[in-house]
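# starting from these lines, generate the structure:
(one chain, ligands or ions: 1)
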Amino acid sequence: MIISGPSGVGKGTVCRHLMLVRQKLNLSVSTTTRPPRPGEEEGREYNFTSVDRFKEMIGSGDFLEWAVVHGHYYGTLKTTVRNYLSKGEDLILEIDVQGAAQVRKNSPGSALIFLAPPSLEALEARIRGRGTEDDLRIKQRLVAAREEMEAYYLYDYVVVNDQVENAAGLIGAIIDAEKCKVNRGVRPPGWGGVE
Ligand code: 5GP
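Coordinates of the predicted model:
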């Protein structure tokens, strides 16, 4: 499952809520060259690395997808995805629009969800309220947010984050529905039938 949405829409909060209420659901830890924010821990929010090392990993073909977002590199390792999927567990990738487009192309079995704010004004208030970015970065993120909103049509689903519980409930329902899809190989019990 891919979840994207503009900066500040609350992807992290919604995903954390989902983890609490669902079994066997994991959040992919990405690799980034962005410096850690206060309170962030190596290996928990991200694997933090240098630009040189990140470029080496691109060269070795280590990433399922990668992108430059707000001036920093971010990427999802192929090994992370394989580890969870081989255990039959669900995995959420919280990635930007460029990364989602790559996953769509390379992993046709993925389902893409766009998490949208109730309004752009609500989004700006959230980003300012978070207080982790300086004014220039906030402006960059708002410009990027408008662009990202325009890419919603690349996704399979749009979920509005009006209330965390509502948005998490809808995403849970989407995960359940995806798992019942015939084109994922689901068959009625005892039915060997038509392929
Ligand atoms: P932040 O720096 O606020 O944690 O994340 C900034 C943006 O980078 C968010 O839109 C987030 O979804 C995106 N992002 C985080 N990890 C990845 C990743 O592995 N790949 C891509 N393409 N984007 C990512």
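
# Arg141 sits in which helix or strand?
helix 135-149 (DSSP states H and E).

# show me the contacts for the residue in the chain positioned nearest to the ligand.
Closest residue of the chain to the ligand, Cβ to the nearest ligand atom: Gly99 (2.4 Å). Bear in mind the C-beta positions are built from the backbone N, C-alpha and C, glycine included. Applying Cβ atoms under 8 Å, 6 or more residues apart in numbering to Gly99 gives the contacts 2, 4, 65-67, 74-76, 93.

# how many other residues sit next to Thr80?
Other residues lying near Thr80 total 21 when counted by other Cβ atoms under 10 Å.

# for Gly71, which residues are in contact?
Gln140.

# try it again with 10 Å
Residues near Gly71 by Cβ atoms under 10 Å, 6 or more residues apart in numbering: 33-34, 137, 140.

# equivalent analysis for Pro188, please.
Applying Cβ under 10 Å, 6+ apart, the residues near Pro188 are Val182.

# that one falls within a strand, correct?
No. Read with DSSP: H, G, I helix; E, B strand; the rest coil, Pro188 is coil and lies in no strand.

# relative to Val182, how far out is it?
10 Å (Cβ to Cβ, to the nearest Å).

# circling back to that earlier point, among the contacts of Gly71, which are in reach of the ligand?
Taking Cβ under 6 Å from any ligand atom as the test, the ligand is in contact with Arg34 out of these.

# check the contacts of Gly71 and tell me the two furthest apart.
Thr33 and Gln140 (16.3 Å; Cβ to Cβ).

# what about these two, which has more around it?
Neighbours were counted for Thr33 and for Gln140 using other Cβ under 10 Å; Thr33 has more, 19 against 15.

# next, work out how far apart Pro6 and Ala111 are.
Pro6 is 20 Å from Ala111, by Cβ to Cβ.

# more crowded one of these two?
Between Pro6 and Ala111, counting by other Cβ under 10 Å, Pro6 is the more crowded of the two (26 against 18).

# what about that one, which SS state?
coil.

# surely it touches Val69?
No. Using Cβ atoms under 10 Å, Pro6 is not in contact with Val69, being 11.3 Å away.

# which neighbours do these two share?
Common contact partners of Pro6 and Val69 (Cβ under 10 Å, 6+ apart): 96-97, 141, 144, 148.

# my read is that Asp162 contacts Pro117, right?
Yes. Asp162 is within contact range of Pro117, at 8.8 Å (criterion: Cβ under 10 Å).

# more neighbours, those two?
Pro117 (22 against 13).

# tell me the contacts of the nearest residue to the more buried one once chain neighbours are set aside?
Excluding its sequence neighbours, the residue lying closest to Pro117 (Cβ to Cβ, 6 or more residues apart in numbering) is Leu123, at 4.0 Å. The contact partners of Leu123, by Cβ under 10 Å, 6+ apart, come to 5-10, 116-117, 141-142, 145-146, 149, 161.

# done for today, thanks.
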